[in-house]
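Novice: I'll drop the sequence and a predicted model, then ask my questions.
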Amino acid sequence: MNRSNLRQMIFSRRAVLLGGLQAAVGGLVVGRMAWIALAEGDRLRDAAEDNRVALRLIPPRRGILADATGLPLALNRPAYGVELTPSLAGDMGEVLERIGRIIPLAADQKEEILKEAQALRGSATLMVADDIGWEAYAALNVELADVPGVLPVKTYVRSYPGGEGFAHALGYVGRPTREQYLESRNPLYMFPGFRLGKDGVERALDDRLQGQPGARRVEVNARGRILRDLETRPDVAGESIQLTLDYGLQDFMARRIGGDSASVVVIDCTTGHVKCLLSMPAFDPNIFSNRIPSDLWKALQADDRKPLIAKATQGLYVPGSTFKMVTAMAALAEGVATPGDRVTCGGRYTVGGNTWHCHSRRGHGTLALQRAIAASCNVYFYTMGRRAGPEAVARMARHLGVGEKFDLPIPSLKAGIVPDPAWKEKRFGQEWQVGDTLNTAIGQGYLFVSPIQLAVMTARIASGRIVQPSLLVKGEAPAFPPLGIAEDVLDVVRAGMSDVVNGPGGTARRASLSIPGVRMAGKTGTAQVRRITAAERRRGVRRNESLPWRLRDHALFVGFAPADAPRYAVAVVVEHGASGSRAAAPLAKAAMTYIYDRPQAEEALRKEEAARERRRLAAEAAARRAAEAAALAAAAPATADAGAAPGAAGAP
């Protein structure tokens, strides 16, 4: 075989081998393509569809909260926000920096967003900011269109028209916590625009207010931005709920309280409807719906006036003299006293060598129940408390609603303390002493009540029925059962409370209403927050005005109107207000005046607000003058030294 034929044969073999390899590879490619097209076609088609089409939840709009007349207390306002998908965003720090050029983001906000982003999995999103305004929304759409994972959205935010005045009663909404999601496993909790009730009625009735989510199928690009809607299932809004609150009354009282730390509760004695449930100062619930600025949160926590506490339902106070009716009614119910029994007050009450004082050092002379209530005589109620005994006083207090947790859509209601010998033994392992009985008889000692309990107590005394408070409008008014206390006893107590406001020598004459045909009955109270020693009594008890604010007495007032046909009961507590007659009673008067003569009440408030503004301007001017005087005083030595030097140098 010559060399040419040998080369031809080798070439042919190689060509066959190469052709076979090509055929085998081609067969593998064709087989793989057939496998992908036939066996894997449905799966890959679904995956491609998932990349093109996204399913997005539509958070349900919360139900509206309205007052007794239908005015909105909490509603949903259309707004604009910006969502972020961390898995698409890339460098989160850079993305937040770019967003921050349009929407100001504080350092702590960025830090919180980064922490949230690290906890998210897959394509989960988070809300960077909501209620950003139209201009910011438009700017984000234009300037960040090329940033993957950033999505400006149209949304709703919870709006509270009454602001601070309704913060504690209504509560606020906020994002679900990780713990809440792990407990419920509700995917809606991971949606960035979803909000849960966090306090007040919003929290207590959250299940009814939430509603049902909707869903959107949308076409998205590789950057996660929505190109078009494909299909939408609308959300179902939550239930709208009507509350018993009176928007006008509560807003008016919030303005009337001004800068004081106080609570006001007004109850309709015939229906149990709570018309006013106010705690001041408070916070703006509209801010709490989104991320709370850390400096604001720290300021609220550090405020001595405790704006984060719902004082009307969670605040516990020594009731002072507002409790004295309970002591008298306990003695009368036990049959150890009658309304006509007289007690002589000489300014002090002595037992076993120990002395308890009346607020009148000269004493009140000889008096019976009606006059004792009007004069608020400690010695009379010391006497009645000992006659009745601590168990009877405690039973009567509980019968009137003190120490009771009411069925209200408010979380964290406080029961307080109604002490008796069994309670003290269990709490301290100590026996009850006579001094405990005397202190309880005048509303001091271990006794602690909430303003809502004081209002219910007053409503029951005023109506003679076991009034139960309600915050929800439920159709027909309930028929409350009788209190089970003789009407003649209640009449004497009510007459004494009327004399407190309207009679000669009453302790709350400044609370008398200027409304023809409408009188208010009531009882003042002043509760000590510090112990007054015997040595201080000998020297002379310091006036509240000379004490730091936090050491001044609490001021209380309970009342009802009209005195001769009770309809509304009110309880007022002014923290460290020093005097029930000076600080608390005028607030009760303002509430009742608003109910029965609104123009008169609003005119009085306008004058009060004008006077406050004058006092504020005068204080600012005085502060400026003081600062200027201090600056001049500090600069005077330097000026004198500077002026002396040239004279010394030029002297002959």
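Specialist: Sure thing, it's come through.
Novice: what about the strands in the stretch 151-300 of the chain?
Specialist: Using DSSP state E, counting those that start in this stretch, the strands of the stretch 151-300 of the chain run over residues 173-174, 196-197, 214-220, 226-233, 241-242, 262-268, 274-280.
Novice: could you tell me the least trusted of these?
Specialist: Note on these: lowest mean pLDDT is at strand 226-233, with a mean of 65.
Novice: hey, C-alpha coordinates of the longest strand belonging to the chain in PDB?
Specialist: Determined from DSSP state E, the single longest strand within the chain is strand 72-84. Output of strand 72-84 as PDB, limited to C-alpha atoms (Å, rounded to 0.1, in the frame of the first residue of the first chain):
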ATOM      1  CA  PRO A  72     -65.100  59.500  62.500                       C
ATOM      2  CA  LEU A  73     -62.600  58.800  65.300                       C
ATOM      3  CA  ALA A  74     -60.300  56.600  63.200                       C
ATOM      4  CA  LEU A  75     -60.300  56.200  59.500                       C
ATOM      5  CA  ASN A  76     -58.100  55.300  56.500                       C
ATOM      6  CA  ARG A  77     -56.600  58.100  54.400                       C
ATOM      7  CA  PRO A  78     -55.100  57.400  50.900                       C
ATOM      8  CA  ALA A  79     -51.300  58.000  51.000                       C
ATOM      9  CA  TYR A  80     -48.100  57.200  49.200                       C
ATOM     10  CA  GLY A  81     -45.200  55.100  50.400                       C
ATOM     11  CA  VAL A  82     -42.100  53.300  49.200                       C
ATOM     12  CA  GLU A  83     -41.400  49.500  49.500                       C
ATOM     13  CA  LEU A  84     -38.100  47.800  49.300                       C
END
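Novice: against which helices or strands is it packed?
Specialist: With contacts taken as 3 or more C-beta pairs under 8 Å, 6 or more residues apart in numbering; DSSP states H and E, strand 72-84 sits against strand 65-66, helix 92-100, strand 126-130, helix 134-143, strand 150-159. The C-beta positions use only the backbone N, C-alpha and C, and glycine is treated the same way.
Novice: what about 7 Å?
Specialist: Contacts defined by 3 or more C-beta pairs under 7 Å, 6 or more residues apart in numbering; DSSP states H and E place strand 72-84 against strand 65-66, strand 126-130, helix 134-143, strand 150-159.
Novice: returning to what we had before: just so I know, which of the strands of the stretch 151-300 of the chain lies nearest residue 367?
Specialist: Proximity to residue 367 (C-beta to C-beta) singles out strand 262-268 among those, at 30.4 Å.
Novice: pull out the CA atoms of that closest one and give them to me as PDB.
Specialist: Extracted in PDB, the C-alpha atoms of strand 262-268 (Å, rounded to 0.1, in the frame of the first residue of the first chain):
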ATOM      1  CA  ALA A 262     -55.100  64.700  84.300                       C
ATOM      2  CA  SER A 263     -57.800  62.300  83.400                       C
ATOM      3  CA  VAL A 264     -61.500  62.800  82.900                       C
ATOM      4  CA  VAL A 265     -64.300  60.200  82.700                       C
ATOM      5  CA  VAL A 266     -67.900  61.000  81.900                       C
ATOM      6  CA  ILE A 267     -70.600  58.300  82.000                       C
ATOM      7  CA  ASP A 268     -74.300  58.300  81.100                       C
END
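Novice: for residue 271, give its distance to residue 616.
Specialist: Per C-beta to C-beta, to the nearest Å, residue 271 is found 40 Å from residue 616.
Novice: and these two? Which one has more around it.
Specialist: Ranked by neighbour count (other C-beta atoms under 10 Å), residue 271 and residue 616 place residue 271 first, with 20 against 11.
Novice: so what's the residue nearest the centre of the chain up against?
Specialist: Residue closest to the mean C-alpha point of the chain, counted by C-alpha atoms, centre = their mean, is residue 168 at 2.3 Å. Contact partners of residue 168, counting by C-beta atoms under 7 Å, 6 or more residues apart in numbering, are 200, 279, 282, 310, 312.
Novice: swap in residue 342?
Specialist: So residue 342 contacts 366-368 (C-beta under 7 Å, 6+ apart).
Novice: any idea which of those has the most stuff around it?
Specialist: Busiest of the contacts of residue 342 [other C-beta under 10 Å] is residue 367, holding 19 neighbours.
Novice: and that one, bridged to which residues?
Specialist: Residues in a beta bridge with residue 367, per DSSP bridges, are residue 343.
Novice: is it in contact with residue 377, as I believe?
Specialist: Yes - using C-beta atoms under 7 Å, residue 367 is in contact with residue 377, at 6.2 Å.
Novice: overlap of the contact sets of those two?
Specialist: With C-beta under 7 Å, 6+ apart, residue 367 and residue 377 have common neighbours residue 345.
Novice: quick check: buried residues in stretch 557-566?
Specialist: 557-563, 566 (16 or more other C-beta atoms under 10 Å).
Novice: got phi/psi on residue 205?
Specialist: phi -110, psi 30 (degrees, to the nearest 10).
Novice: tell me the pLDDT at it?
Specialist: pLDDT, residue 205: 95.
Novice: give the contact list for it.
Specialist: Contacts of residue 205 (C-beta under 7 Å, 6+ apart): 241, 409.
Novice: tell me how far it lies from residue 173.
Specialist: 12 Å.
Novice: do the same with residue 478
Specialist: 31 Å.
Novice: compare the two (neighbour count), which wins?
Specialist: A direct count of neighbours by other C-beta under 10 Å for residue 478 and residue 173 places residue 173 higher, at 24 against 14.
Novice: in this structure the more buried one contacts residue 158, no?
Specialist: Yes - between residue 173 and residue 158 a contact is recorded at 4.8 Å, counting by C-beta under 7 Å.
Novice: need the residues touching each of these two.
Specialist: 195, 289.
Novice: quick one: the helices in the stretch 351-500 of the chain?
Specialist: 369-375, 378-388, 390-399, 421-428, 434-441, 451-463, 487-502 (DSSP state H, counting those that start in this stretch).
Novice: for the ones you listed, which one sits closest to residue 413?
Specialist: Across those, closest to residue 413 is helix 451-463 (C-beta to C-beta), at 7.7 Å.
Novice: where in the stretch 101-250 of the chain is pLDDT low?
Specialist: 121-124, 218-231 (pLDDT under 70).
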